[in-house]
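**Q** The sequence isn't on hand, but the structure is:
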Ligand code: 6GU
């Protein structure tokens, strides 16, 4: 899978992708992540990428030209399955989006800033608009990092059996059960005895009950 990320602050996105699973996914050849600086596609002598909004009002708008030029260049090089705009007024990201995106070959992710991008970019280039929750970030970069992390770990070959995504919270619409490791007792706080019993069918039953109870209590919306 190839992911092209378009931003006016691409340096913000370097560290999230240069360690751990994201790093390994790229080294294994499962994903290619390409960061693009929108500013480099501005023809303005000061590399300007924004302007005042028509009709007046506070806040700058990201201009159409540099973004359009960059998207057109990428589209001339390969076909894209999805061109995603990160915006607080997009669809709220769910695991189902991530599962779908992880199966695609080439995607572009556009990070917004200031008041956002000129509406014509959204109308003519963007195929999906994604938000990561009901709060406002100062730019789309951190949201893009969240989206890419959630997608990349699902790309076939990225996770091994040990770290399998199949047992994640949300993958089966339930939260994960509580987990424990050694020691079996700390400060008189004990690991639930069932987990030490060696009775695998009973352990699985306990885990399912815990998942269900936890989901009922914390995220009843997932059960609807
Ligand atoms: Cl995608 N962008 C910004 N700027 N703020 C957000 C967001 C995105 N998702 C939630 N808040």
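**A** Ah, there it is. Computed from a prediction, not measured in an experiment: that's the story for all the values here. Residues are numbered from 1 along each chain as shown.

**Q** what does the protein have sitting close to the ligand?
**A** 86, 87, 88, 131, 132, 133, 135, 136, 137, 139, 140, 143 (Cβ under 6 Å from any ligand atom). Just so you know, the C-beta spots here come from the backbone N, C-alpha and C atoms, and that holds for glycine as well.

**Q** Farthest pair within those?
**A** Farthest apart among the residues of the chain next to the ligand by Cβ to Cβ are 133 and 139. That separation is 14.8 Å.

**Q** With neighbour numbers in mind, choose between these two.
**A** Between residue 133 and residue 139, counted using other Cβ atoms under 10 Å, residue 139 has the larger neighbour count: 16 against 11.

**Q** got the contact list for the more buried one?
**A** 7, 8, 9, 12, 111, 112, 113 (Cβ atoms under 8 Å, 6 or more residues apart in numbering).

**Q** Let me know how buried the second one is, in neighbour terms.
**A** Looking back up the chat, that one is residue 8. Here the number of neighbours of residue 8 (other Cβ under 10 Å) works out to 22.

**Q** go on, the fourth one?
**A** Residue 12 sits with 17 neighbouring residues when counted by other Cβ under 10 Å.

**Q** Cross-check the contact I'm expecting between it and residue 143.
**A** No: distance between residue 12 and residue 143: 11.1 Å, which falls outside the contact criterion (Cβ atoms under 8 Å).

**Q** Of the contacts of residue 139, select the buried ones using a ChimeraX command.
**A** Remark: buried members of the contacts of residue 139, expressed as a ChimeraX selection using 16 or more other Cβ atoms under 10 Å:
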select :7,8,9,12,111,112,113
